[in-house]
Every structure is written in C-alpha cells, then in structure tokens.
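**Student:** Have a look; sequence and predicted model below, questions after that.
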Amino acid sequence: MIRALKRRTVVAAFLFAPLSGLVHADEATEYPNRVVKIVVGYEPGGAADVAARAVARQLSIIWKRSVIVENRPGADGMLAVIAVAKAAPDGYTLLSAPSNVWSIFPHVYPHAAVNAAHDLAPVGTIGIAPLAIAINPNAPYHTLPELVAYAKAHPGKVSFGTPGVASVHEMAGLKLMMLASVKMTEVPYKGAAPASEDLAGGRLDVLYATLPGIRPLAQAGKAKIIAVTSPVRVKEYPDVPSMSEFYPGWGDAFSTYHGIYAPARTAPQVINAINAALDKALQDKSVKDVLNANGMVPHPGSTADFRAFLDRNYKSFDQIFKQVGNLPAN
C-alpha cells in the first residue's frame, strides 16, 4: 500500500542535478526533439484519460512529434504521480492529473515516496470539471435545503457516496457537512459505477459525481441533480443551482481542475514551451468538443495562475483536514 512506502533519497539525482540542469537549459530551445509521454493515473476510457488523449493528439500536431499517453492506474492515481516525479526532469515525461494530486494527496499519503507540491512542477490547466450533487428521486427531500434539513433531523442517517478517498468528491461532501453543521455518513467506493448503481437502487442517499457520469441516470429518472459544486451555474444545467447560491463561502476548490505537471527541476524554458503549446491545443475545436463531452470547460492559462490555484486549493483542503483529521488511504 502507498501509505507504507518510505520516503527515499535518490543520491544519484542530487549528484547529477546541476549537470542535468545545464543540459535541459541547452535543450530548451529545441524542445521537443523526441517522443513526449503523458502519464495518466487511471484506466483508459475515463474522463481524465480521454482529455489527456485529446490534448496529446493536438500537441503531436503542434510539435510535429509523437506524444503518447501511458496509463498507470493504482492507489487513486498516486502510482502515476510517483512515476513522473521520479522521471528525468527534461519535459519528456509529463503527468496529466486532477488537482487533488497536489492539494489532497499530501494529507492522505503523508508517507508516500513523493509529495506533488515538492516533487512536481505545475505546467498548465486543461479544463475545469464541476461535480454534481445527486440524490435518489424517491428520497424524502428534493432540494439541497431539504436534504440539509433532513440530515439535521436524522444525524448520521444520510449516506453520501464518493468514488474513493483522496478525491475532490470526498472533500465536497465534508465541506457541506461543515458549512451546514450536519452529520452524514460517507461511503467511499472503488469507482463511480458501483456508487451510481447504489444511488439508482436506493441503497445510497447522496452521490457526488461528474456531470457526464450522472447524466444517464438523471435522464432515466433514476437520479436527480440538486446542485453543482462550481461557483456559478453550469450552462448545460441552467435550472440547477450552484453551491455558492446556498453557501457564499463555497469557493472554487470543489471542482476538479485537470492539468499537466512535469517533474520538479524541469527547466523553466521547457515548462514555458509546454504551457504555450497546451494553450494553443486548447483552442482547437476538436479538443474543446472532447472536453465538453466529458464535463470539462477548457481552461487555458499561465503556469503562475495554475500554481496559484493549486496553492489556494491546498489551503482550502488543509482547513478541512484540520477539522476532520487525516483520512486513511484506500
């Protein structure tokens, strides 16, 4: 298990860091001159994987070099984080991952071999994916205020599902309990599919899910979306309120920000080159269409802006962990 991993010091990396830094600086002007690999910590076919592949295809066109996607699922995505953090800091091994690797993983995996905030360098954002708060349509509540009132009247009786710990979904559930001063029971699942099945079957009361993931159930009348976690309403669901309408201090931390990361100590010139190409890729209609179909809003921006968001995100979740205590990893 990842929790049991010991932080190791790779002596060779420190010994050769100054020399490799010079090489990277020289190579930056001709980056990339060979195949670039983007590692994804989840199975093929999911939103994170599909988004990474859409971006990779466009980067291949922009750079006129092959950009491949490698899936390394396991430990909620932590195995991919470790693989990229330990890769050569030359810009040829990148990570495509949600923002929880930076803002949540250090709390859940305090003894992991790497820490994203120390061992990765943010490059840029791919897209923002708000979550849906969904309920079973046969529940005795039909709106978020009614859900909160019911939970207050029945402490611990309302269950909420998430696709596993160390996720933004879980943080959103914990944040609602804190803001509403209610107690609910979390049920972490090994993925979104079994959680959705239990919600539709009435075995789960509330589910935090991606919009594309919950859409089929909502269209079939087996789930009802009562709120979205973005600061504002989502244009595809204009009648569904945002959490900020109920809790003004909700903020932007509870939407998933998918982005690109490089190993720490990657030359700034290389990171800037990747960021510029990423921003250009996100302007392509085919990329926008893929992201929109998977519940993401394309979000180009500077490396500095991405890092600022991640640091702000970390502080938001740090407050939650200080109140609820560290959560065990799967």
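**Tutor:** Nice, thanks for sending it over.

**Student:** What mean pLDDT does the lengthiest strand in the chain get?
**Tutor:** Looking across the chain with DSSP state E, the single longest strand is strand 120-129. Strand 120-129 shows a mean pLDDT of 95.

**Student:** For stretch 59-71, list every residue counted as buried.
**Tutor:** Buried residues in stretch 59-71, counting neighbours by 16 or more other C-beta atoms under 10 Å, are found at 59-60, 63, 67, 69, 71. For the C-beta atoms, the positions are set from N, CA and C on the backbone; glycine is no exception.

**Student:** Let's see which of the residues you listed end up in strands.
**Tutor:** Members of these lying in strands (criterion: DSSP E): 67, 69, 71.

**Student:** pLDDT below threshold where in the stretch 201-330 of the chain?
**Tutor:** Along the stretch 201-330 of the chain, segments meeting pLDDT under 70 span 325-330.

**Student:** I'd like the ones in strands among the buried residues of stretch 59-71 as a markdown table, with pLDDT appended.
**Tutor:** Listed next are these as a markdown table, based on pLDDT from 0 to 100:
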| residue | pLDDT |
| --- | --- |
| 67 | 98 |
| 69 | 98 |
| 71 | 96 |
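
**Student:** Which element, helix or strand, includes residue 254?
**Tutor:** Using DSSP states H and E, residue 254 sits within no helix or strand.

**Student:** Which stretches in this protein count as strands?
**Tutor:** Applying DSSP E to the chain gives strands spanning 36-40, 67-71, 93-98, 120-129, 131-135, 159-162, 185-188, 206-210, 224-228, 256-263, 297-298.

**Student:** tell me what the longest one is packed against?
**Tutor:** This points to strand 120-129. helix 47-63, helix 78-85, strand 93-98, helix 100-103, strand 256-263, helix 268-281, strand 297-298, helix 303-324 (3 or more C-beta pairs under 8 Å, 6 or more residues apart in numbering; DSSP states H and E).

**Student:** got the CA coordinates for that strand in CSV?
**Tutor:** The C-alpha coordinates for strand 120-129 follow below in CSV (Å, rounded to 0.1, in the frame of the first residue of the first chain):
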residue,chain,number,x,y,z
LEU,A,120,6.2,18.1,-9.4
ALA,A,121,6.1,21.4,-11.3
PRO,A,122,2.7,22.7,-12.4
VAL,A,123,2.6,23.4,-16.2
GLY,A,124,-0.9,24.4,-17.0
THR,A,125,-4.6,23.6,-16.8
ILE,A,126,-6.5,21.5,-19.3
GLY,A,127,-10.0,22.0,-18.0
ILE,A,128,-12.4,22.5,-15.1
ALA,A,129,-15.0,19.9,-14.3
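
**Student:** Between strand 256-263 and that strand, find me the angle.
**Tutor:** Angle, strand 120-129 to strand 256-263, by axes from the mean of the first three to the mean of the last three C-alpha atoms, to 10 degrees: 160 degrees.

**Student:** Neighbouring strands of strand 120-129 in the sheet, and parallel or not?
**Tutor:** Partner strands for strand 120-129, per DSSP bridges, with pairing direction: strand 256-263 (antiparallel), strand 297-298 (antiparallel).

**Student:** how far is that strand from where the chain is centred?
**Tutor:** Its chain's C-alpha centre and that of strand 120-129 lie 9 Å apart, by C-alpha atoms, centre = their mean, to the nearest Å.

**Student:** what's the angle from that strand to helix 47-63?
**Tutor:** 110 degrees.

**Student:** All further residue positions should be reported with the first residue as 20.
**Tutor:** Right, with 20 as the first residue, what we last looked at is strand 139-148.

**Student:** Name the residues of strand 139-148 that come out as buried.
**Tutor:** Going by 16+ other C-beta under 10 Å, strand 139-148 has these buried residues: 139-148.

**Student:** Just give me the neighbour total for residue 341.
**Tutor:** Residue 341 has 10 neighbouring residues, counting by other C-beta atoms under 10 Å.

**Student:** Against residue 171, how distant is it?
**Tutor:** From residue 341 across to residue 171, the span is 23 Å (C-beta to C-beta, to the nearest Å).

**Student:** one step back: which one of the helices and strands packed on strand 139-148 lies nearest to residue 196?
**Tutor:** Comparison of these against residue 196 by C-beta to C-beta identifies helix 322-343 as nearest, at 8.5 Å.

**Student:** Only the buried residues of the closest one, if you could.
**Tutor:** Using 16+ other C-beta under 10 Å as the burial criterion, the residues of helix 322-343 that qualify are 322, 325-326, 328-329, 332-333, 335-336, 339-340.

**Student:** go on, stretch 123-131?
**Tutor:** With burial defined by 16+ other C-beta under 10 Å, the residues of stretch 123-131 counted as buried are 123-128, 131.

**Student:** and of those, the nearest to residue 191?
**Tutor:** The shortest gap between residue 191 and any of those belongs to residue 123, at 11.4 Å (C-beta to C-beta).

**Student:** Next up, the contacts around that closest one.
**Tutor:** 185-187, 190, 336 (C-beta atoms under 8 Å, 6 or more residues apart in numbering).

**Student:** how about 7 Å then?
**Tutor:** Contact analysis of residue 123 by C-beta atoms under 7 Å, 6 or more residues apart in numbering lists 185, 190, 336.
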